[in-house]
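Q: Sequence first, predicted model second:
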Amino acid sequence: MLNDPLDNTQNETEDVIHASDRIALQLSYRSEDDDRCLLSTNPADEERYDVYKTSYADLLYRYGAVDLRTEVLKTVSKDESDHQGVTFGLLCRSCQQPSKELVCSSCGEFAAQCSLCQLVVRGQSMFCMTCGHGGHAEHLHDWFEYESACPTGCGCWCKQATGNLASFPMMMEPPQEMAPSRSYSF
């Protein structure tokens, strides 16, 4: 009688597989001699498989399978922890010095100011990726509802450069008693 591979009961005559045997078995699947091998020691193959895994993980995320996505991303071979994301530098509007923080290290003034109200930008903000001007998300949403050019007068057509801002829903509704103010004296 043949042994059933799905049978979990142990026979007294069966050999016990030691951990070292399992390691050798796993390493044998990494052989470069076998063309059908799914795992490879070739770094170019690992990078290609990582692209497949990352794409599949993105697809799982879109369908709401977050737990499965996490399991797939655990198998990605390269470490993504060194990825810093997109960083923005600020140019202080007071002293024109570059600043990495919201408060300028040169003059001590707040580096990020709204192009419309000239107040410090805290919370939700938007900035044009072309000219770098920006400000409070609510103010800019109101501005670009009717205008296409940058409110600073720099000549940039921010609305065309960043897409139709009016189509994005605002997370915070503006107060009803206040009318949006615009200044054309930039």
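A: Everything's here; your move. Numbers count the residues shown, from 1 in each chain.
Q: Give the rounded mean pLDDT of whichever helix or strand D67 is part of.
A: Following DSSP states H and E, the helix or strand that holds D67 is helix 66-74. If you average the pLDDT over helix 66-74, you get 87.
Q: Within the sheet, what are the partner strands of the helix or strand following that helix, with directions?
A: Going down the chain from helix 66-74, the next helix or strand is strand 90-91, by DSSP H and E. Each strand paired with strand 90-91, and its direction, by DSSP bridges: strand 98-99 (antiparallel).
Q: Can you name the element that comes right after the partner strand?
A: As assigned by DSSP H and E, the chain's next helix or strand after strand 98-99 is strand 125-127.
Q: I'd like to know which elements that following strand is packed against.
A: Using 3 or more C-beta pairs under 8 Å, 6 or more residues apart in numbering; DSSP states H and E, the elements in contact with strand 125-127 are strand 134-136, helix 137-144. In short, each C-beta sits where N, CA and C put it, glycine included.
Q: ok, and which of these has the densest surroundings?
A: Scoring the helices and strands packed on strand 125-127 by mean neighbour count under mean count of other C-beta atoms under 10 Å gives strand 134-136 as the most buried, with a mean of 23.
Q: List the contacts of that one.
A: Strand 134-136 is contacted from outside by 112-117, 119, 121, 123-128, 140, 151, using C-beta atoms under 8 Å, 6 or more residues apart in numbering.
Q: Let me see the mean pLDDT of that strand.
A: The pLDDT scores in strand 134-136 average 86.
Q: Parallel or antiparallel, list what pairs with that strand.
A: Strand 134-136 is paired, per DSSP bridges, with strand 125-127 (antiparallel).
Q: Which positions in the helix holding D67 come out as buried?
A: R69, V72, L73 (16 or more other C-beta atoms under 10 Å).
Q: now swap in stretch 92-107 and tell me
A: Those would be C92, S99, C104, for stretch 92-107 by 16+ other C-beta under 10 Å.
Q: Hmm, K159 and T130 touching each other?
A: No - using C-beta atoms under 8 Å, T130 is not in contact with K159, being 10.6 Å away.
Q: Pick out whichever of the two has more residues nearby.
A: K159 (19 against 14; other C-beta atoms under 10 Å).
Q: and that one, helix, strand or coil?
A: helix (DSSP: H, G, I helix; E, B strand; the rest coil).
Q: heads up, I number from 8, so please use that
A: Right, with 8 as the first residue, what we last looked at is K166.
Q: Look up how far R100 lies from L126.
A: For L126, the distance to R100 (C-beta to C-beta, to the nearest Å) stands at 12 Å.
Q: ok, now G160?
A: Look at G160 and R100: by C-beta to C-beta, they are 14 Å apart.
Q: what does C157 give?
A: 14 Å.
Q: Also A72?
A: Going from A72 to R100 by C-beta to C-beta gives 46 Å.
Q: swap in V128?
A: With C-beta to C-beta as the criterion, V128 and R100 are 11 Å apart.
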